[in-house]
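Colleague: Model the structure of this input:
(2 chains)
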Amino acid sequence: MPNILEVQNLAKNYGDFTAVKGISFDIKEGEIFSLLGPNGAGKTTTISMLSTLYTPTSGDATIGGHSITKDPMAVKQVIGVVPQDIALYEDLTARENLVFWGQMYGLSGKSLNSRVDEVLEQIGLTDKAKNRVKTYSGGMKRRVNIGVGLLHKPRLLFMDEPTVGIDPQSRRAILDTVKDLNKQGMTLLYTTHYMEEAEELSDRVGIIDHGELIALGTQAELTKQVGQTDTLILRLGESDDPETLAGALKGLKGVQHAEVSDGSVAIVTPSAEEILAAVVSKANERGIKIRTMEIREPNLEAVFLHLTGRALRD
Amino acid sequence: MLKLLLIGIKDLKLMFRDRAALTFMLLAPFLLTIGMGFVTGRFSGRSTGLSDIPVIIVNLDKADLGNALEDLFHSDDLTDLVEPTASSDPEAARQLIDDDQASAAIIIPEGFTQSIIPAEGTMFDSNSVQPDPVQIEVYTNPSRPTGAGIIKAIVDEFVSRVEEGRTSGMTSLSQMMASGLLNPQDAQAEASNQFQNVDQTESTAITLKTNTEGSQAVEFDLLAYFAPGMALMFLMYTVSYGGRSILAERSEGTLPRLMISPTHNAQVLGGKVLGIFFMGVAQVGILILASTMFFQVKWGDALGIVVLILAAVFGATGWGMLITAFARTPSQVASTGSAVMLIFGILGGSFISLERFPPFMQTISKITPNAWGLDGFTTLALGGTLRNLTEPITALLIMGAGLFVIAVFLFNRNGLVQK
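Modeller: Now for the predicted structure:
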């Protein structure tokens, strides 16, 4: 498959602060590519440059053969964007929003109306199309937000953290929509800080941290980088300090990393079974009560931890 | 161009769905106009604006000039404007004013004529003692400031013309006598003849001053001043509301989304400006229509009104854009816009006629679209047409264009969205 997107040394500075540090990657036509990284890693800045909203400080990218710096209007015709924050007119109905944004993408007349009907069907809001957006739940607004990005049938769709702050049911619906769109032939660049989403959706993943692309490949290729490792997750009693235990475990034989993540202690180790007894002993020595233990196979979380020494959600 | 229009129409639609904004844009100026109507007696039934102003005349002079002034208030020229009533008791007349029965009382004291026109045989007699000047008293009703102001203006005009005639007459007679063209014995007769002309010819020349060519006595509805005054004041709110929507769209993400779509930045900004313009035109247009329907306000030449509305909104839009370009957040635009609305409202004559301002304030008022707009609306209400609006329309267009250029420069410098 040919590349629909090619990024070369793309960088963005704000004064002395570098938000994106010369990243390079490409996306093949028809694939779902995830840009995975914690908040503030540079995902949204990258999307903003690729969608021609921000001008890169250096580097360039071509989308559908058009340079984002030299031919932004041609790029805009190829791409669709679903921004991280809901960008809709809340006092307009869903249909009015879709009609307006369709017009901004050059649609008109019958083709506009039929396309709006299709999108409403696709996002499951045909029945509520005449209600003002401000009366919608967060999940419904997210669906309209996505619908706007689909109106002109873009070849490449950028989705910037589309599941932030919504209920599990709406999240599930959005992930299914992403898969459906891809099955219909649409290429997607999906940014997220949820490792599970990247794992479920992506053909390939780029891991970004502090503006740098630190890993790139399929899930299998990435997990291979960290070798055959397990992640042991320890959840402690409410009164116990996970930092104390993580610190105590760092020097333990067989422990590659020990970090606090979401109030739990995450340990990267070649074999969780072999260090279990020693871990429990260390906890007991410090009077720390381990409430539950979970052993995870190698995943993107482990990759991130392996590469940065930090948990993805830190 | 189509996208420009679509963005503008979308903003207009959003305005009509914002109840709070509509209340401020339409209901508030409408209610204030009604309030001003009551304050000025427009709805009280005692007076219908600048016609039938009730005035009490107490003529104690009973001589040429006192009678001339009384005749003036009964003349055909002022018959629609004033409704004079004669009285012989100054105290009773003042009491009627205190009881709010009329706008003003004119008390012409005994000896008024004699204080202006010396008695026969004494004019050029160096030994005779000239009487002290006697002042006409205009006792005004503070609760009817406009009507009282008109009466006072008519009396002032009369007195000033009498004084002017007296001075010029005396000067010319003295010169004629000095050059031998007039005998001292004929001077008294000539002087009397000239003073007769003063009170007769000059009195008929007094009319309500208008800004239109070929001035004639016209009926002016006060609401034709206050309704546009209020509309223009709240127009400043509307344009700042429109400007605020630019920054609100930026923070809510719809502006970046517009700029990501295949739409040029100039189209996006132009569309937003067009939206502000549409909102302003809709607001002023609705208020004018409502005033016409509910209060039978006579606005004057329809074409002039339409062009003036467009020009006034254009000028005000320039201010809205400038306020927006200087602000960083929508709330900054809102607070600045409200302050500018009030300042321009006062400075531009929405509450008090600009003619009552000192000259330097009148000059400062020219920076406001309110002053130029009111100038135009008053001209039209007094019978003017589009041809008489060249100055205010040109000023408003220059104002709008100039401010727009500055605003675009600032937007370009600061970036419409952070880049």
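
Colleague: drop to CA atoms for contacts and neighbour counts, all remaining ones
Modeller: Fine.

Colleague: SS state for A:Leu245?
Modeller: At A:Leu245 the chain is in helix, as set by DSSP: H, G, I helix; E, B strand; the rest coil.

Colleague: so what's the residue lying closest to it once chain neighbours are set aside up against?
Modeller: Spatial nearest neighbour of A:Leu245, excluding adjacent residues (Cα to Cα, 6 or more residues apart in numbering or on different chains): A:Ala283 at 6.5 Å. Contacts for A:Ala283 (Cα atoms under 8 Å, 6 or more residues apart in numbering or on different chains) come out as A:Leu245, A:Lys289, A:Ile290.

Colleague: Go through those and name the one nearest B:Leu389.
Modeller: A:Leu245 (83.5 Å; Cα to Cα).

Colleague: Show me the shaky parts of the stretch 1-150 of chain A.
Modeller: Within the stretch 1-150 of chain A, no stretch falls below the threshold (pLDDT under 70).

Colleague: how long is stretch B:90-106 end to end?
Modeller: 9 Å (Cα to Cα, to the nearest Å).

Colleague: Which residues does that stretch contact?
Modeller: Contacts of stretch B:90-106 (Cα under 8 Å, 6+ apart): B:53-59, B:87, B:107, B:136-141, B:143-145, B:147-148, B:151.

Colleague: now, which of the residues you listed lie within strands?
Modeller: Among the contacts of stretch B:90-106, the residues falling in strands (DSSP state E) are B:53-59, B:87, B:107, B:137-140.

Colleague: Any residues of chain B in contact with chain A? List them.
Modeller: Applying Cα under 8 Å from any Cα of the partner chain, we find that chain B lies next to chain A at B:3, B:6, B:10, B:14, B:17-18, B:252-254, B:256-263, B:418-419.

Colleague: Quick check on those: which are buried?
Modeller: B:3, B:6, B:10, B:14, B:252-254, B:256-263, B:419 (16 or more other Cα atoms under 10 Å in any protein chain shown).

Colleague: Per-residue confidence, the nearest residue to A:Gly30 once chain neighbours are set aside, what does it come out as?
Modeller: Excluding the flanking residues, the one nearest A:Gly30 by Cα to Cα, 6+ apart is A:Thr187, at 4.4 Å. pLDDT recorded at A:Thr187 is 95.

Colleague: picking up where we left off before, give me the buried entries from the contacts of stretch B:90-106.
Modeller: B:53-59, B:87, B:107, B:136-141, B:143-144, B:147-148, B:151.

Colleague: among the residues of chain B next to chain A, which are in helices?
Modeller: In helices, defined here by DSSP state H, the members of the residues of chain B next to chain A are B:Lys3, B:Leu6, B:Lys10, B:Leu14, B:Glu252, B:Thr254, B:Pro256, B:Arg257, B:Leu258, B:Met259, B:Ile260.

Colleague: Hmm, A:Met49 and the last one touching each other?
Modeller: Same thing as B:Ile260. No - at 10.2 Å, B:Ile260 does not count as touching A:Met49 under the criterion of Cα atoms under 8 Å.

Colleague: most surrounded residue in the contacts of A:Ala283?
Modeller: Neighbour counts for the contacts of A:Ala283, by other Cα atoms under 10 Å in any protein chain shown, peak at A:Leu245, which reaches 24 neighbours.

Colleague: so how far is A:Val265 from that residue?
Modeller: Taking Cα to Cα, one finds A:Leu245 at 8 Å from A:Val265.

Colleague: likewise B:Ser338?
Modeller: 55 Å.

Colleague: can you check A:Gly124 too?
Modeller: Distance, A:Gly124 to A:Val265, by Cα to Cα: 41 Å.

Colleague: neighbour count winner among these two?
Modeller: The neighbour count for A:Gly124 versus A:Val265, taken as other Cα under 10 Å, is higher for A:Val265 (25 against 16).

Colleague: which residues does that one bridge with?
Modeller: A:Leu234, A:Val260 (DSSP bridges).
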